[in-house]
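J.: Sequence plus the predicted model coming up.
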Amino acid sequence: MDCCPSDPNKLDPGVCGCGVPDTDVDFDGLLDCNDPSLGWQKAITFDGSQVDADLSAFPLLVRLTDSELAARAASSGTDIYFVNQAQTMALAHEIERYDGSTGALVAWVLVPALTAATDTVIYLRYGDGSTNRSNPATLWNGHYYVWHLAQDPGPGGTSEIRDSTGRAHGTAHSSMATADLVDAVIGKGIHFDGSDDEIVFNNSFTGTGPSTLSAWVNQQADNDGESDTIVAFGTAQMSQMRVFYSSQTFTDNMVGAFYNNDIDSNVSVEGSGWRYVSWVWDGSNSRFYVNGVLASGPTAHTGANTVGTAGKIGNATWAARSLRGQLDEVRVSNATRSAAWFKAEYNNQRASSTFLKALGSQQAITAQ
């Protein structure tokens, strides 16, 4: 029976009482009238002047340290979540790292749109005591693999190196150790020794379609005469593999390859510190980006027909081609990305980023 038939505010038959909106402003499944705590929030403003073109469904990095967050949020960070500027929708997110003692947060948030030259505002919310509302599968729906490389790779190769899409969790080589988990660009990353270090995963990316492969890489200068691999997957036969690596054959330039079907970028990042590198293949041409800027291409490149379950990060699948250096945030997508996309990612993720323009004051969340 509807006890409040003329009440325009209710969603249910007057659950919260006549004249009281049946709302759930913290999106925890509990109506506000029965919710003992709605928590707190802060507006976060991102700099639109660092976005060159309108982008949709963009995974935005939120990296901050805030003492009020530490004081109010659960020590595990499980009650941290994000909403849009209108506060009408919870945004898909994943927390990569949270330190409850300092309020240091590294999180990824799917924003529906970034608009060129217009600031983007979302709200950081916390402290309502609810359970984990993260949903990485939704967040990374536009990607095929996403490895943050934030897990301990040792000892003995027993640690799982997680793929946030859930498709391909990896296993570190048995020689890798806890010390190989290092400070990197975004949070933590993994060091590879240039010998036998690698993360092995079971590949399911196959076919002739386009792809985007990207990573933050700090490739150390060496004279070992070997190539240095970021990621490789597929079978070691002509055109049946995709591999993004620094090729000794091409004087240590970055190469995008389909196994014996290679394209030289004519660009090297060896010995130049952390660089954000991307290889885009659109089905006909390859393009290479460094730090969000087109460095090479488009260059004609055809013939991909990826098959096979072999997959490795930091080493090749056909021979020892281990990276000597560090990796962070390795991603594979079965879609192509634009120059504006890579520029926004670089501006957002780099260590000295000013993309996060302002963090607002703390406000108590109240029922609508």
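T.: Alright, I've got the coordinates.
J.: contacting residues for the nearest residue to Q219 once chain neighbours are set aside?
T.: Take Q219 and drop its neighbours on the chain: the residue closest to it by Cβ to Cβ, 6 or more residues apart in numbering is G325, 4.3 Å away. The way it works is simple: take the backbone N, C-alpha and C, and place the C-beta from them, glycine included. For G325, the contacting residues are H191, F192, G194, V217, N218, Q219, Q220, D228, by Cβ atoms under 8 Å, 6 or more residues apart in numbering.
J.: With secondary structure, neighbour count and distance to N334 added, can I get those in TSV?
T.: Supplementary listing: the contacts of G325 in TSV, determined by DSSP: H, G, I helix; E, B strand; the rest coil; neighbours: other Cβ atoms under 10 Å; distance: Cβ to Cβ, whole Å:
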residue	secondary structure	neighbour count	distance to N334
H191	strand	23	29
F192	strand	30	25
G194	coil	20	30
V217	strand	29	21
N218	strand	22	27
Q219	strand	27	26
Q220	coil	15	31
D228	strand	27	25
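J.: where in the stretch 1-150 of the chain is pLDDT low?
T.: For the stretch 1-150 of the chain, applying pLDDT under 70 flags the ranges 1-3, 5-15, 17, 19-20, 24, 28-29, 32, 34-36.
J.: Same list, the contacts of G325, but as a markdown table with pLDDT please.
T.: As requested, the contacts of G325 are exported to a markdown table (pLDDT from 0 to 100):
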| residue | pLDDT |
| --- | --- |
| H191 | 96 |
| F192 | 94 |
| G194 | 86 |
| V217 | 96 |
| N218 | 96 |
| Q219 | 92 |
| Q220 | 89 |
| D228 | 86 |
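J.: before we move on, the earlier item: the residue nearest to Q219: helix or strand, and which one exactly?
T.: Taking DSSP states H and E as the criterion, G325 maps to strand 324-333.
J.: how much space between the residue nearest to Q219 and R275?
T.: 10 Å (Cβ to Cβ, to the nearest Å).
J.: Kindly report the same for V185.
T.: For V185, the distance to R275 - Cβ to Cβ - is 10 Å.
J.: likewise I80?
T.: I80 is 31 Å from R275, by Cβ to Cβ.
J.: More neighbours: which of those two?
T.: I80 (26 against 20; other Cβ atoms under 10 Å).
J.: need the contact list for the more buried one.
T.: Residues in contact with I80 (Cβ under 8 Å, 6+ apart) are L69, A73, A74, I95, Y98, L105, A107, L124, R125, Y126.
J.: can you tell me which of those residues are in helices?
T.: L69 (DSSP state H).
J.: nearest to A335, of the contacts of I80?
T.: The shortest approach to A335 among the contacts of I80 belongs to A107, at 23.0 Å (Cβ to Cβ).
J.: hang on, the closest one packs against E94?
T.: Yes: counting by Cβ atoms under 8 Å, E94 is a contact partner of A107 at 6.6 Å.
J.: Show me where the stretch 251-368 of the chain has its strands.
T.: 253-257, 262-264, 275-281, 285-290, 293-300, 310-313, 324-333, 356-359, 363-364 (DSSP state E, counting those that start in this stretch).
J.: Show me what the last one packs onto, helices and strands only.
T.: If I follow you right, that is strand 363-364. For strand 363-364, the elements it packs on are strand 40-46, judged by 3 or more Cβ pairs under 8 Å, 6 or more residues apart in numbering; DSSP states H and E.
J.: partners of the strand it packs on, with directions?
T.: Under the criterion DSSP bridges, strand 40-46 sits next to strand 120-126 (antiparallel), strand 356-359 (antiparallel), strand 363-364 (antiparallel) in its sheet.
J.: if we can go back for a sec, out of the contacts of I80, which is most surrounded?
T.: Neighbour max across the contacts of I80 (other Cβ under 10 Å) = Y126, 28 neighbours.
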